[in-house]
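# Quick one: sequence and predicted model below, then my questions.
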Amino acid sequence: MSLPHIVPDTVVVIGAGPAGLMAAETLSAAGVKVAIYDRMPSVARKFLMAGRGGLNLTHSEPFERFVTRYGKRAQVLRPVLEAFDARALRAWADGLGADTFVGSSGRVFPKAMKASPLLRAWLKRLEGQGVTLHTRHDWRGWDGDALLFNDDIRIVPKATILALGGASWPRLGGDGTWADGLAANGVEIVPFQPANVGFQTAWSALFADRFAGEPLKNIAAQFAGRTVKGELMLTRGGVEGGAVYALSAALRDAITKTGYADLVVDLRPDLDAGQVVNKLKRASPKDSQSNRLRKALNLGPAAIALVHEVKADDIKAVSVRLTGAQGLDRAISSAGGVSFNALTPDFELKALPGVYAVGEMLDWEAPTGGYLLQACFATGVAAAKAIGRK
């Protein structure tokens, strides 16, 4: 057994995703020595994957609306989101040369739209601030006071920041396997659940064969008193898309409680009910229902087929019964993880003094739209500043 390497002047960050890298930057900018360890051969894999379709860093909406996107965790996250808000995040990105802009939806992106240029500039800054990065180092827990890694590496740091990610997209690095080890050390863990995820329903074989992969654009989805406009994607076994993801927490919880959830879809949210009726009245009575929907309401084949599939009487209230959520391997993010009951306000683990937890490994969830990254960055900043004050 090798003797532990004692580094009382160094903070060890485990996990090289957005939360861990931001914590490392904040500490090193204040003159603290930082070493990052990650079990993957390269860093920030989920961050890079999220940026493939355009890196949505944050959202420009007013803060009081912004903070509500965190649902049950809005109040506990409010202080850190105020301390490192969307404006601060944009200024940080701009400072890395990844100048940002606000899209038509209010979402904030770097002008290059990609994650890779920003990440390269970020890693260069960290290197310039003296941060050391160690990949292929799999954290195994503790051996006494020492952090234990593969190859019998033992390190006793000044403090530790865990930024281990949630349990979604496990092939990219964060798989939630750390949860049992923390639980064994007295840390309260909330079971993982998929978030920002698609749902299952029982389409007919004919409908699934013909329309899987077809988008329904400019619709409005409604559940539990909340309506979200956007896109709904038909899949072979159900539905996905931004409008569904925004409602996924409520849909998932309802299915857990009752076994199903009825998602209501408005196929023409730009028209009120009276306008729909009047347009249909003007259609030729000789036309089939499908032709009337196509000619009078400009519905596409997939939308018309959905009306027939669920036998809807009203195109503004097409009810789709959902019976299950897709698994964590298909989810964009996860709920569950380290309970906020296990944390001090500074994100230090009560059961493990000197150890902090940040990012998606905490028990919070938010819709897509920049909210996920914003909270990861903000919690990383908060824990780093707390360590710096000690």
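Arrived safely.

# residue ranges for the helices of the stretch 151-300 of the chain, please.
For the stretch 151-300 of the chain, the helices defined by DSSP state H, counting those that start in this stretch occupy 179-184, 205-211, 242-246, 248-258, 273-281, 289-297.

# Point out the most buried one among those helices.
Most buried of those by mean neighbour count (mean count of other C-beta atoms under 10 Å) is helix 242-246; its value is a mean of 23. Where you see a C-beta, it was placed from the backbone N, CA and C, and this is true even at glycine.

# which secondary structure elements does it contact?
strand 215-223, strand 226-235 (3 or more C-beta pairs under 8 Å, 6 or more residues apart in numbering; DSSP states H and E).

# could I get those as CSV with mean pLDDT, mean neighbour count and distance to residue 159?
Converted to CSV, the helices and strands packed on helix 242-246 look like this (pLDDT from 0 to 100; neighbours: other C-beta atoms under 10 Å; distance: least, C-beta to C-beta, whole Å):
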stretch, mean pLDDT, mean neighbour count, distance to residue 159
strand 215-223, 97, 19, 43
strand 226-235, 95, 18, 40
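
# Next, format these as JSON lines and append distance to residue 283.
Listed next are those as JSON lines, based on distance: least, C-beta to C-beta, whole Å:
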{"stretch": "strand 215-223", "distance to residue 283": "21"}
{"stretch": "strand 226-235", "distance to residue 283": "25"}
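
# mind checking which helix or strand of this protein has the lowest mean pLDDT?
Averaged element by element with mean pLDDT, DSSP states H and E, the chain has its least confident helix or strand at helix 45-50 (a mean of 87).

# got the buried residues for it?
Neighbour counts using 16 or more other C-beta atoms under 10 Å place 45-48, 50 of helix 45-50 among the buried residues.

# again, but for stretch 71-80
In stretch 71-80, counting by 16+ other C-beta under 10 Å, buried: 73, 77, 80.

# Mean confidence (pLDDT) on stretch 11-21, please.
The average of the pLDDT scores along stretch 11-21 is 97.

# First-to-last residue distance for it?
One end of stretch 11-21 sits 12 Å from the other (C-alpha to C-alpha, to the nearest Å).

# sorry, back to before: could you work out which of the helices and strands packed on helix 242-246 reaches nearest to residue 130?
The closest approach between residue 130 and any of the helices and strands packed on helix 242-246, judged by C-beta to C-beta, belongs to strand 226-235 at 43.9 Å.

# between that closest one and strand 215-223, what angle do the directions make?
For strand 226-235 against strand 215-223, the angle by axes from the mean of the first three to the mean of the last three C-alpha atoms, to 10 degrees is 140 degrees.

# check contacts around residue 81.
63, 66-67, 70, 374-375, 378 (C-beta atoms under 8 Å, 6 or more residues apart in numbering).

# can you rerun that using 10 Å?
The contact partners of residue 81, taken as C-beta atoms under 10 Å, 6 or more residues apart in numbering, are 63, 66-67, 69-70, 74, 88, 371, 374-375, 377-379, 382.

# Using CSV, lay out the residues you listed together with secondary structure, distance to residue 125 and pLDDT.
As requested, the contacts of residue 81 are arranged in CSV below (DSSP: H, G, I helix; E, B strand; the rest coil; distance: C-beta to C-beta, whole Å; pLDDT from 0 to 100):
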residue, secondary structure, distance to residue 125, pLDDT
63, helix, 27, 98
66, helix, 27, 97
67, helix, 29, 98
69, helix, 29, 94
70, helix, 28, 96
74, helix, 31, 97
88, helix, 16, 98
371, helix, 25, 97
374, helix, 20, 98
375, helix, 22, 98
377, helix, 14, 98
378, helix, 19, 98
379, helix, 20, 98
382, helix, 20, 98
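
# Going by neighbour count, which of these comes out on top?
In terms of neighbours by other C-beta atoms under 10 Å, the contacts of residue 81 top out with residue 379 at 30 neighbours.

# for the chain, what are the low-confidence residue spans?
Applying pLDDT under 70 to the chain picks out residues 1, 51.

# From the domain annotation, what segments belong to each domain of it?
5-193+333-388, 199-325 (automatic domain parsing).

# and these, which is most packed in?
Sort those by mean neighbour count, taking mean count of other C-beta under 10 Å, and domain 5-193+333-388 sits at the top with a mean of 19.

# next one: it to chain centre, how far?
Computed by C-alpha atoms, centre = their mean, to the nearest Å, the chain-centroid distance of domain 5-193+333-388 equals 12 Å.

# what's the straight distance from one end of it to the other?
Domain 5-193+333-388 end-to-end distance (C-alpha to C-alpha) = 22 Å.

# How about stretch 196-215?
Stretch 196-215: ends 17 Å apart by C-alpha to C-alpha.

# what distance separates it from the centre of its chain?
How far stretch 196-215 lies from its chain's middle: 23 Å, per C-alpha atoms, centre = their mean.
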